[in-house]
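Participant: my questions concern the predicted model and sequence given below.
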Amino acid sequence: MAEVSVQADERLLTTSRLTRLLRRPELGALMGAIVIYIMFATADSTRNGVFITITGTARWTDYASGVGIVAVPVALLMIAGEFDLSSGVMVGTSGLLCGLLTTEYGIPMWPAIALTFAFAAGIGLINGWLVMLTGLPSFIVTLAMFFSLRGINLGVTKALTDTVRVAGVDDVDGFDSAAKVFATTLWEPYNYRISVVWWIGITIVATIVLTKTRFGNWIYAVGGDANAARNAGVPVRRTKITLFMMTSMSAALVGIISLTRLHSMQAGQGIGDEFTFIIAAVVGGCLLTGGFGSAIGASIGASIIGMAFIGISYAGWNTDWTWLFLGVILFVAVLVNTLISKRAAGAKR
Amino acid sequence: MTTFDEIPEPDLPPPPAAGTVVPALQLRNVTKYFGSVLALRDISLHVDPGTVTCVLGDNGAGKSTLIKILSGVHQPSEGDLLVNGEPTSFGSPRAALGAGIATVFQDLATVPLMSVWRNFFLGNEPRRGVWPLRFLDTRTAKRTCREELLAMGIDIRDLEQPVGTLSGGERQAVAISRAVYFGAKVLILDEPTSALGVRQSGVVLKYILQARERGIAVVFITHNPHHAHLVGDRFYLLNRGQMTHEFERATVSREDLVKAMSGGAELEALAHELEGSGR
């Protein structure tokens, strides 16, 4: 096609690099992470100086991986305009399910893991399908799922084991090979957890999906304006339901990681984590209203949470204050993100 | 109200003579009920390729129902919808889109937080590679998007810019050029100028003429006779669900159009009343 010369509008300045940078959703989180890292490194340096070492890094990345593996799909779901409050309890449900299938019903480890993932996908499907069918806010639907699973976790575990935990998984056929995949450590003598590899892998895949694939385009579209997306021919239901399923399955992955690492599972495991995942996603720049955010941002958010939990104990502070710290971080991060995105959007007409 | 008294009437190249072409879209004696409410009564109209057909009407005249019938959201209760002369029935807006009938709804066309090029290709993303490594062809997408927007006479400096930061006219332009690029034969525009200022409206009217020049049948739905008269080849006036007037460009002046639309006598009475109230 021939180049058509069009007079540029003289009132519009060219976009500066700074504006482009400010438009990135994870910028605020990245700055926050750096500040918090320096803060804990300084606080710890007068005590034992472990926080900034390779060993210290192995500790906080381990904690962050447990958050990040679920926070990344939660962020994708949030970009698509939906919440999943059942993601925390799903960690417990899937760990318990896998444990019960193996110890109570004698199913070998790998088939039990496959069944657990299939079950998690089913829970995600129900979440998504109910949200789409009823038109109720996903906040309510998944909250109901949260309480239901919480009750089922306790009830079923007690009924089958007469205790509130499932143990003895390490005797099950195939446990050793499963532990190699989900619970081993790497890089002697620092012992990085393999969950960190899972976390980084999921972050990379999610980033590619979001920015480089058609599905990623749809995720932004259904969260930004579901009507406009539908008018453009985007399958809104399918996109959202798929994301609910991915979120549930990522929680199942964390459940299986915990089970293989601890060789047992508590019936109350994971409860309360759903908010940690959401905090990570929001600190990472996801808008609660949907349509904006990134996978890397959620991972940076997870890192901040990991640094906070591990850093506070290294710094010798009372760990009771961790939640206060996270509360302040959440508020400041969202405030900064909002200011930045307003600035980046420029003066709207 | 926005007027265009200062703008000279553009000299439009004549449309094909009536009767020599098959209408791209045609309604024949269409009536639409919703329960006991009669929304449209016995409407007949035709939309020819390379022309702008204006549907004018005040609030409640039945414009929305008409758009929804043309775009496949509703089906007529009685009468026929013809596409290229063939009686057709659309089950959904998707089916209408498949037949080349694209509708640009006023505020439901673009996703504000998404970049210009992502919006342009939304639902029709170009991809390359082999599954599972099929990725967006970002370079092609951006290049095509820039070329298409330039062809419509709009120069967007930064395609990564969120659509929400564009002006209302530019946003309409993105939606229109997208519909044109993806092979729309009929382009239905729902009140594209109603939320815009004088200058922006002029810009959108220019895009309408660009689409017309490309041989597209444009249906321009508006309540503004001034805008309609600047670009329209044929005018249909709706009032309370009925077709009250039909005009050809050659035989109608802007004043006639305004008068016909407001019901001339009523307007004079209104003017009288306003003057009488002490102004």
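Facilitator: Arrived safely.
Participant: chain center to stretch B:21-30, what's the gap?
Facilitator: How far stretch B:21-30 lies from its chain's middle: 16 Å, per Cα atoms, centre = their mean, to the nearest Å.
Participant: for that stretch, buried residues please.
Facilitator: Within stretch B:21-30, the residues that count as buried by 16 or more other Cβ atoms under 10 Å in any protein chain shown are B:Val21, B:Pro23, B:Ala24, B:Leu25, B:Gln26, B:Leu27, B:Val30. C-beta coordinates here come from the backbone N, C-alpha and C atoms, glycine included.
Participant: list just the nearest of the residues you listed to B:Thr144.
Facilitator: For those, the minimum distance to B:Thr144 (Cβ to Cβ) is 24.8 Å, reached by B:Ala24.
Participant: contacts only, for that closest one.
Facilitator: B:Val47, B:Asp48, B:Pro49, B:Val83, B:Asn84, B:Lys185, B:Val186, B:Ala217 (Cβ atoms under 8 Å, 6 or more residues apart in numbering or on different chains).
Participant: swap in 10 Å and give it another go.
Facilitator: Residues in contact with B:Ala24 (Cβ atoms under 10 Å, 6 or more residues apart in numbering or on different chains) are B:46-51, B:53, B:82-85, B:99-101, B:185-187, B:215-219.
Participant: what does it show for phi and psi?
Facilitator: Main-chain dihedrals, B:Ala24, degrees, to the nearest 10: phi -70, psi -30.
Participant: need the nearest residue in space to it, chain neighbours excluded.
Facilitator: B:Ala217 (3.9 Å; Cβ to Cβ, 6 or more residues apart in numbering or on different chains).
Participant: re earlier: would TSV of the buried residues of stretch B:21-30 with secondary structure and distance to A:Glu188 be doable?
Facilitator: Below are these laid out as TSV (DSSP: H, G, I helix; E, B strand; the rest coil; distance: Cβ to Cβ, whole Å):
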residue	secondary structure	distance to A:Glu188
B:Val21	coil	80
B:Pro23	coil	78
B:Ala24	coil	73
B:Leu25	strand	73
B:Gln26	strand	78
B:Leu27	strand	78
B:Val30	strand	79
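Participant: could I get the residues you listed as JSON lines with pLDDT?
Facilitator: Shown next, in JSON lines, are the buried residues of stretch B:21-30 (pLDDT from 0 to 100):
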{"residue": "B:Val21", "pLDDT": "77"}
{"residue": "B:Pro23", "pLDDT": "87"}
{"residue": "B:Ala24", "pLDDT": "88"}
{"residue": "B:Leu25", "pLDDT": "88"}
{"residue": "B:Gln26", "pLDDT": "89"}
{"residue": "B:Leu27", "pLDDT": "90"}
{"residue": "B:Val30", "pLDDT": "90"}
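Participant: what's the farthest-apart pair in those residues?
Facilitator: Distance extremes for those: the farthest pair is B:Val21 and B:Val30 at 20.9 Å, using Cβ to Cβ.
Participant: mind listing the helices for the chain?
Facilitator: Picking chain A for this. All helices of chain A, identified by DSSP state H, fall at A:17-22, A:27-45, A:54-79, A:87-103, A:109-134, A:138-161, A:175-182, A:194-212, A:214-224, A:226-231, A:236-262, A:273-283, A:295-314, A:322-345.
Participant: that's the wrong chain, I meant chain B
Facilitator: B:63-70, B:93-98, B:116-120, B:138-151, B:168-181, B:198-213, B:225-231, B:254-262, B:264-276.
Participant: tell me the pLDDT at B:Tyr13?
Facilitator: One thing to correct before we go on: residue B:13 is Pro, not Tyr. pLDDT recorded at B:Pro13 is 66.
Participant: make sure B:Glu78 is actually in contact with B:Asp42.
Facilitator: Yes. Using Cβ atoms under 10 Å, B:Glu78 makes contact with B:Asp42 at a distance of 8.4 Å.
Participant: name the nearest of the buried residues of stretch B:21-30 relative to chain A.
Facilitator: Nearest to chain A among these is B:Leu25, at 18.8 Å by Cβ to the nearest Cβ.
Participant: sorry, back to before: among the helices of chain B, which is nearest chain A?
Facilitator: For the helices of chain B, proximity to chain A was assessed by Cβ to the nearest Cβ; helix B:138-151 is nearest, at 4.7 Å.
Participant: in that closest one, what counts as buried?
Facilitator: For helix B:138-151, by 16+ other Cβ under 10 Å, it's B:Thr138, B:Ala141, B:Lys142, B:Thr144, B:Cys145, B:Arg146, B:Glu147, B:Glu148, B:Leu149, B:Leu150, B:Ala151.
Participant: same deal with stretch B:36-51?
Facilitator: Per 16+ other Cβ under 10 Å, stretch B:36-51 contains these buried residues: B:Ala39, B:Leu40, B:Arg41, B:Ile43, B:Leu45, B:His46, B:Val47, B:Asp48, B:Pro49, B:Gly50, B:Thr51.
Participant: likewise stretch B:231-243?
Facilitator: Neighbour-count burial for stretch B:231-243, counted by 16+ other Cβ under 10 Å, picks out B:Val231, B:Gly232, B:Asp233, B:Arg234, B:Phe235, B:Tyr236, B:Leu237, B:Leu238, B:Asn239, B:Gly241, B:Met243.
Participant: take these and keep only those in strands.
Facilitator: Judged by DSSP state E, the buried residues of stretch B:231-243 include B:Arg234, B:Phe235, B:Tyr236, B:Leu237, B:Leu238, B:Asn239, B:Met243 as members of strands.
Participant: separation between B:Val204 and A:Gly270?
Facilitator: Note on B:Val204: its distance to A:Gly270, by Cβ to Cβ, to the nearest Å, is 53 Å.
Participant: the more surrounded of the two?
Facilitator: Neighbours were counted for B:Val204 and for A:Gly270 using other Cβ atoms under 10 Å in any protein chain shown; A:Gly270 has more, 29 against 22.
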